[in-house]
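Enquirer: With the input below, show me the fold.
(one chain, ligands or ions: 1)
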Amino acid sequence: MAWRFYEACPEGAVPPGGKRRVVVEGYPVCLVNLGGTIHATGDYCPHEAVSLGDGGRVEGETLVCGAHGWRFDVRTGACQDDPGVELPRFPVGRKDGWLYVGFWEEDEEE
Ligand code: FES
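Expert: Okay, the predicted model is just below:
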């Protein structure tokens with residue numbers, strides 16, 4: 001197993017304090033820019049699978065779902081409304097002006 005990074009979007013597509021839904025290798029991801037640090041979480045709200053990147057908002061370090069207001073800590077993925085729930089999180093890389101999202105994958109067989 002190893003982290004593999006895939007191109008997500010240009011760095012400027014996620015402004016400070018902003019967010020963006022991207023689809024990386026077919027998987028919907030929400031990118032959030034907290035003071036220049038980009039965080040990546042799963043895009044679908046665990047409550048009723050509404051897109052967080054398209055419809056929600058960022059308040060400080062919290063991602064708020066636009067449908068019913070569930071709140072998630074962007075840094076940890078933890079849901080503040082249901083302690084047993086959290087968003088999947090992914091590492092983010094940067095190269096040549098682009099953002100990359102990492103997925104933990106099986107090693108390719110040779
Ligand atoms: S779908 Fe996100 S809070 Fe209901």
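
Enquirer: now the strands for this structure?
Expert: In the chain, the segments counted as strands under DSSP state E are 2-10, 19-24, 27-34, 37-42, 57-59, 62-64, 71-73, 89-90, 92-95, 98-105.

Enquirer: Quickly list what Glu86 is bridged to.
Expert: Glu86 has these beta-bridge partners by DSSP bridges: Ala78.

Enquirer: ok, how many other residues are close to the closest residue to Gly56 other than its chain neighbours?
Expert: Of all residues not flanking Gly56 in the chain, Gly66 sits nearest, at 4.5 Å (Cβ to Cβ, 6 or more residues apart in numbering). (Glycine included, C-beta is placed from N, CA and C.) For Gly66, the count of nearby residues is 14 (other Cβ atoms under 10 Å).

Enquirer: what does this protein have sitting close to the ligand?
Expert: With Cβ under 6 Å from any ligand atom as the criterion, the chain comes near the ligand at residues 45, 47-48, 50, 65, 67-70.

Enquirer: and the two most separated of these?
Expert: Farthest-apart pair in the residues of the chain next to the ligand is Glu48 and Gly69; separation 11.9 Å (Cβ to Cβ).

Enquirer: Could you list the low-pLDDT ranges of the protein?
Expert: Within the chain, the stretches with pLDDT under 70 are 109-110.

Enquirer: what about Val92, how many neighbours?
Expert: The burial count assigned to Val92 is 19, neighbours taken as other Cβ under 10 Å.

Enquirer: check contacts around it.
Expert: Neighbouring residues of Val92 by Cβ atoms under 8 Å, 6 or more residues apart in numbering: 8, 31, 38-40, 99-102.
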